[in-house]
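1. Provided below are the primary sequence and the corresponding predicted coordinates.
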Amino acid sequence: THLTLRRQERILRKYSDTLEDMVEERSQKLLKAEKDLQRDYDIQAILNEILRQSLSGDTLKQHLERALKLILSLTWFPTLDHGSFFLAQPGDVLQMIAWHNLDQGTLHTCSHLSIGDCVCGESARIKQMLVIPSDDSLHNHREPTLPPHSNLCLPILKGESLLGLLNLYLDYGYSLDRKE
């Protein structure tokens with residue numbers, strides 16, 4: 001009976017360990033689901049606010065400045081709190097129309113970019129999102145006052161026509177997931 005009790009005790013410990021592992025795994029899945037739901041909610045709230053503000057009589061520049069600040073306010077999105085919006089202009093030029101926390105050198109250098117020039121211009125040329133680290137050779141215009149970072153360049157399209165571009169400064173090496 002002594003051996004039977006020890007054997008039963010080992011079996012109970014094994015079941016207990018298995019249950020603890022299952023509870024831990026389930027808890028991790030629930031935490032991830034909660035994080036995903038919060039991120040989805042934040043994105044939806046910002047989109048709703050941008051749409052709501054678009055109904056006001058403000059200028060396009062004012063709308064884009066507010067939209068940029070809203071996007072940069074996402075606490076889970078690893079930005080350096082820097083960014084800009086460009087509008088496509090005739091002659092294959094991007095004109096910076098709205099910005100947040102950019103230094104004077106960047107404002108001067110990047111106020112007008114040719115399509116294909118630097119990271120923003122290349123993203124506009126190929127009409128695809130790019131996330132490029134600041135030490136990549138594609139960066140023709142470097143911001144010496146900023147720490148290492150990555151630029152997220154997102155073309156704004158209507159069909160195949162380029163309307164503009166959103167540029168965000170992200171933590172160095174950050175890569176977007178499919179949802180972002």
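-> Thanks, I have it. Numbering: from 1, shown residues only.
2. the closest residue to Leu130 other than its chain neighbours: helix or strand, and which one exactly?
-> With CB to CB, 6 or more residues apart in numbering as the criterion, Leu130 has its nearest non-adjacent residue at 4.4 Å, and that residue is Ser123. Where C-beta positions appear, they are placed from N, C-alpha and C, glycine not excepted. Using DSSP states H and E, Ser123 falls within helix 118-126.
3. now do the following helix or strand past that helix: distance to the chain's middle.
-> Proceeding N to C from helix 118-126, the next assigned helix or strand is strand 130-133, under DSSP H and E. Averaged C-alpha coordinates place strand 130-133 at 11 Å from its chain's average position (CA atoms, centre = their mean, to the nearest Å).
4. for strand 130-133, which strands pair with it and how are they oriented?
-> Paired strands of strand 130-133, with direction, are strand 149-158 (antiparallel) (DSSP bridges).
5. what's the strand it pairs with in contact with?
-> Contacts to strand 149-158, defined as CB atoms under 8 Å, 6 or more residues apart in numbering, come from residues 80, 82, 119-120, 122-124, 127-134, 139, 162-174, 176.
6. still on that earlier bit, buried residues in the helix holding Ser123?
-> By 16 or more other CB atoms under 10 Å, the buried positions in helix 118-126 come out as Cys118, Val119, Cys120, Gly121, Glu122, Ser123, Ala124.
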